[in-house]
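Undergrad: Below is the structure, and that's it, no one-letter string:
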């Protein structure tokens, strides 16, 4: 999901990723648990658990498939506006995450120079910008 603060900053998580063997910036997120059916409810839970932030303004921007020719799991594209830090995070014992807030222009720069490299997150960012729901500047 893309989570924005009232000031328009983008909430990122920075954590070590074993697959790439490096620190990675991503949007907060996670899976839909077996007992859940609503992607928004799952995203609300994940945002709170990972970051301590909550939002009452959610927009479902649809879904994408990372590789529809070989993978069947959809990625739900969700946008959370006016996120407030209201609680301590409740992460799994194996999660070591730093929370980082950046401006939209800073995120665009990070994408451009290769600091933010998650293809799914980048496509999510692009679709959210195209939705018109975010008031962001394209100026780098």
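TA: Looks like it came in fine. As the structure is a prediction and not an experimental result, all values here were calculated from the model. Residues are numbered from 1 along each chain as shown.
Undergrad: What sits closest to residue 124 if chain neighbours are left out?
TA: Counting by C-beta to C-beta, 6 or more residues apart in numbering, residue 124 lies nearest to residue 77, which is 5.2 Å off, once chain neighbours are set aside. Where C-beta positions appear, they are placed from N, C-alpha and C, glycine not excepted.
Undergrad: Now do the contacts for the one you found.
TA: By C-beta atoms under 8 Å, 6 or more residues apart in numbering, the residues touching residue 77 are 1, 60, 61, 62, 63, 64, 124, 127, 128.
Undergrad: Tell me the predicted confidence for the residue most central in space within the chain.
TA: Central residue of the chain (C-alpha atoms, centre = their mean): residue 27, 2.5 Å from the mean position. Confidence at residue 27, expressed as pLDDT, is 95.
Undergrad: swap in residue 136?
TA: You'll see residue 136 listed with a pLDDT of 65.
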